[in-house]
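Trainee: how would this look folded up:
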Amino acid sequence: MTETLVPPAKPMAETTPEKRLFIKTYGCQMNVYDSERMADVLRPLGYAVTEDVKAADFVILNTCHIREKAAEKIYSELGKLREMRDVRRETGGDLTIAVAGCVAQAEGEEIIRRQPAVDIVVGPQAYHQLPELLTRTARARGERIGADFAPDDKFDALPATRFTEGPTAFLTVQEGCDKFCTFCVVPYTRGAEWSRPLEAVLEEARSLAGRGVREVTLLGQNVNAYDGERADGRKATLAELAYALAEIPGLDRIRYTTSHPNDMSDDLIAAHGDLDALMPYLHLPVQAGSDRILRMMNRKHGRQKYFDLIDRIRQARPDMALAGDFIVGFPGETDREFEDTLDLVRRVNYAGAFAFAYSPRPGTPAAGMGKQVEPEIAKERLHRLIALLGEQQTAFNAAQAGRTLNVLFDKPGRHGHRRQAIGRSPYLQSVHVDDADHLIGQIVPVEILAGQQNSLMGRLIPNGLMQPSAARKAIAQQEKAA
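Mentor: Down below sits the predicted model:
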């Protein structure tokens, strides 16, 4: 489970924030998006985001329920916040504490019972209610739980204008999941699949582009199941959304995550071949390489279907790089079945991946399955899988040396004396380039000098900006020469 802090926002010209908001984000990119939108909701109340929890008047823990002992980590953090508030109250100060996200959705009443210091508990579909809940808390410590709201209520109530900094942004287009994988809590904490209307997504994307965003990452628990309603009542696919987004001036790059193999439709595969804006990096989790384990996981696809799908994707977009998710030590997994996972990884050859040892989540079918794998065995398998995936990622990055890639610069590098800037390649690799800090927000051709496991080093090409069509042509020529 990752942890992220929402970056501090520059105060709007028409307001003078007097209160400080600290948001700690656990888990997925959708939680990062939700945290940004919570900051948007609270900004009109005079809250400015701070990176210093000790300076905050309001602290929100935006939680994730995917990993083992996720809730216990939150309770530990809440204990520290309670102590901080007690100290403040001794000197006449105070601190408001909220728990948001999936742990809040799943354990709302339990959170209030175990940690009375919590003022507000708000689920992922209800954070637009934060101003109201905050007001109630300030008045009488009244109703503190907001969890059961429809997704369309949430998006309808959010501010139309998002605060953004930098040339990249997340954009939630779909929530929930109907797949019911036996290891996963998402259907229980995020609910059924629901897609935002097409025009609502396009309106937000146009607003982002107008504020200098050059790249959007479309988010959804099962994003390629997107079926947002059109103005005429018909449903739009993710491919149709991508084509529409590609028409927005200034919006040069489109990504999406996370996908399910069963929803990788023909038109979406074709879009990867047609659209320069659709980046050639696809996160397509498979979770395991054994057909029996995939059935036990209720994945509804086998290894051969996954192989066939990868072949079709690479036929449409030969330079496509693949990323995935893997779970080792699923209940009943044998040594032979783990070897099937290693075999799948070798055959697909991933540019990046996330791998985890299985951990039971309360309320999921897999938690009650027999033949739970011993933790020591799962840990050893995980180390072997991570080593293989690391080798593949390092090799993929090293293979970029000598190529020219379009890089979207989004932030300064650590070496300010070298005027270093950091950007992202089409394959989502971090690229470090000297003498480039004046190019933040621009897409620039970069000659790749070297690749390491987690990043690339490059240098600028002094011939202006490369157009997307030229970039594709260059990549095709390099692939042919290789």
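Trainee: rest of the way, CA atoms for contacts and neighbours
Mentor: Will do.
Trainee: which residues of this protein score low on pLDDT?
Mentor: By pLDDT under 70, the weakly predicted segments of the chain are 1-17, 66-71, 136, 138-164, 189, 463-482.
Trainee: can you dump the C-alpha coordinates of stretch 220-239 into PDB?
Mentor: Taking Å, rounded to 0.1, in the frame of the first residue of the first chain, the C-alpha atoms of stretch 220-239 are listed here in PDB:
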ATOM      1  CA  GLY A 220     -11.400   3.400 -12.800                       C
ATOM      2  CA  GLN A 221     -11.400   0.300 -10.700                       C
ATOM      3  CA  ASN A 222     -12.300  -1.400 -14.000                       C
ATOM      4  CA  VAL A 223     -11.700   1.500 -16.400                       C
ATOM      5  CA  ASN A 224     -12.000  -0.400 -19.700                       C
ATOM      6  CA  ALA A 225     -15.600  -1.300 -18.700                       C
ATOM      7  CA  TYR A 226     -16.400   2.400 -19.200                       C
ATOM      8  CA  ASP A 227     -19.900   2.800 -20.700                       C
ATOM      9  CA  GLY A 228     -20.800   6.500 -20.100                       C
ATOM     10  CA  GLU A 229     -24.000   7.800 -21.400                       C
ATOM     11  CA  ARG A 230     -24.100  10.100 -24.400                       C
ATOM     12  CA  ALA A 231     -26.300  13.000 -24.900                       C
ATOM     13  CA  ASP A 232     -28.600  10.900 -27.100                       C
ATOM     14  CA  GLY A 233     -28.900   8.200 -24.500                       C
ATOM     15  CA  ARG A 234     -26.500   5.700 -26.200                       C
ATOM     16  CA  LYS A 235     -23.500   4.300 -24.300                       C
ATOM     17  CA  ALA A 236     -20.000   5.300 -25.200                       C
ATOM     18  CA  THR A 237     -17.100   2.800 -24.900                       C
ATOM     19  CA  LEU A 238     -13.600   3.700 -23.500                       C
ATOM     20  CA  ALA A 239     -12.400   3.700 -27.100                       C
END
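Trainee: Would you mind pulling the contact partners of that stretch?
Mentor: Stretch 220-239 is touched from outside by 30, 172-177, 186, 193-199, 256-260, 263-264, 267-268, 271, with contacts defined as Cα atoms under 8 Å, 6 or more residues apart in numbering.
Trainee: Would you mind measuring from the residue lying closest to residue 398 once chain neighbours are set aside to residue 260?
Mentor: Taking Cα to Cα, 6 or more residues apart in numbering, and ignoring the residues beside it in sequence, residue 398 has residue 451 as its nearest neighbour in space, at 4.1 Å. Separation of residue 451 from residue 260 (Cα to Cα, to the nearest Å) stands at 30 Å.
Trainee: the more surrounded of those two?
Mentor: Neighbour tally, residue 451 and residue 260, criterion other Cα atoms under 10 Å: the higher count belongs to residue 451, 23 against 19.
Trainee: Dig out what the residue nearest to residue 398 forms beta bridges with.
Mentor: With DSSP bridges applied, residue 451 shows beta-bridge pairing to residue 456.
Trainee: Can you name the residues that contact it?
Mentor: Residue 451 sits next to 394, 397, 398, 399, 400, 401, 457 when contact means Cα under 8 Å, 6+ apart.
Trainee: Identify the residue nearest the fourth one in space, chain neighbours excluded?
Mentor: To tie it back to what came earlier, the one meant is residue 399. Residue 399 sits nearest to residue 451 (Cα to Cα, 6+ apart), 7.2 Å away.
Trainee: returning to that earlier point: highest neighbour count among the contacts of residue 451?
Mentor: Neighbour counts for the contacts of residue 451, by other Cα under 10 Å, peak at residue 397, which reaches 22 neighbours.
Trainee: Not counting residues beside it along the chain, what's closest to it?
Mentor: Spatially, and ignoring its direct neighbours in sequence, residue 397 is nearest to residue 451 (4.7 Å; Cα to Cα, 6+ apart).
Trainee: One more: residue 355?
Mentor: The shortest distance from residue 355 to any non-neighbouring residue, by Cα to Cα, 6+ apart, is to residue 326 (4.6 Å).
Trainee: Verify the assumption that that neighbour is located in a helix.
Mentor: No - under DSSP: H, G, I helix; E, B strand; the rest coil, residue 326 sits outside any helix and is assigned strand.
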